[in-house]
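Asker: Here's a sequence, model it:
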Amino acid sequence: MFLADLLDLVLPATCAGCDEPATGPLCEPCRAALAAVRPGRTRPVPEPPGLPPAFALAAYAGSLRRMLIQYKERNRHELAPVLGGLLARVVAATPDLRGPLVLVPVPATTAAARRRYGDHIDRIAHHAAGALRRRGVEAGVAGLLRALPKREDSAELSAAERARAARQAFALRGHRAPGGTVVLVDDIITTGSTLAASATRLAAGGVRVDRVAVLAATQRQA
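Answerer: All right, here's what the predicted structure looks like:
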């Protein structure tokens, strides 16, 4: 306890959403702003073939964007329960879902997981499943996909090039999801190509993806 108090004096805590002083991962204004957001349907333009109905908490902007950057690129792992709770809200707000729910995270590559000290989406998915169970919803996580090494940086690709790369990005782990409604989960949806490719790969293994749930939605030009 003394060490933690000393570190707080040397390295004051800041809000991951706005960089203002905070006693936890988020300040009260950012926490209240996120609590007021209502998840909704999102559609990339153009929408890629094979993308199941997708739902997001909010646009990839403001506090949510900063939180995701802090979590992924600054290794602020204390945000995982917060982000997991937000993702659980997206899943819970998705219409016509019947339990048990099976959350399938889009996996990180080995290189990305090493850089971030673990698979960042898998971590959030487990927190989301826990939050859903606390709401009385039967939910679990199934790691059904394995990410293959990336050949190039997808951030520099066009939408068409990103779609081609996504189709070669995943392999099945060799087991099927338990019975239930399958929800594919990720942090951000941009063109939707990665999520569509993940759903298609799962379908090839006999796993139907019923919905997609993400934290943030953005849009790229085709």
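Asker: which residues of the protein score low on pLDDT?
Answerer: The model of the chain has pLDDT under 70 over residues 1-12, 150-167, 174-178, 219-222.
Asker: mind running it again at 80?
Answerer: Scanning the chain for pLDDT under 80 picks out 1-13, 99, 110, 112-113, 116-118, 149-169, 174-179, 219-222.
Asker: any idea which helix or strand comes after the strand of greatest length in it?
Answerer: The longest strand of the chain (DSSP state E) is strand 181-189. Downstream of strand 181-189, the next assigned helix or strand under DSSP states H and E is helix 193-204.
Asker: now the strands for the chain?
Answerer: 40-42, 54-59, 101-105, 139-141, 145-147, 170-172, 181-189, 211-217.
Asker: The last one - which strands sit beside it in the sheet, and in what orientation?
Answerer: Taking DSSP bridges as the criterion, strand 211-217 forms sheet pairs with strand 54-59 (parallel), strand 181-189 (parallel).
Asker: wait, which of those is closest to residue 119?
Answerer: Residue 119 sits nearest to strand 181-189 of all the strands paired with strand 211-217, at 11.3 Å, using C-beta to C-beta. Glycine gets a C-beta too; all of them are placed from N, C-alpha and C.
Asker: of the strands of the chain, which approaches residue 34 most closely?
Answerer: That would be, of those and by C-beta to C-beta, strand 54-59, which comes in at 7.9 Å.
Asker: in that closest one, what's buried?
Answerer: By neighbour count on 16 or more other C-beta atoms under 10 Å, the buried set for strand 54-59 is 54-58.
Asker: So which of the strands paired with strand 211-217 is nearest residue 113?
Answerer: strand 181-189 (13.9 Å).
Asker: how big is the angle separating the closest one from strand 101-105?
Answerer: Between strand 181-189 and strand 101-105, the angle comes out at 40 degrees (axes from the mean of the first three to the mean of the last three C-alpha atoms, to 10 degrees).
Asker: got the angle for strand 181-189 vs helix 193-204?
Answerer: Going by the same axes, to 10 degrees, strand 181-189 makes 160 degrees with helix 193-204.
Asker: do you know how far residue 201 is from residue 148?
Answerer: 11 Å (C-beta to C-beta, to the nearest Å).
Asker: Looking only at neighbour counts, state which of these two leads.
Answerer: Shown here are residue 201 and residue 148; by other C-beta atoms under 10 Å, residue 201 has more neighbours (22 against 13).
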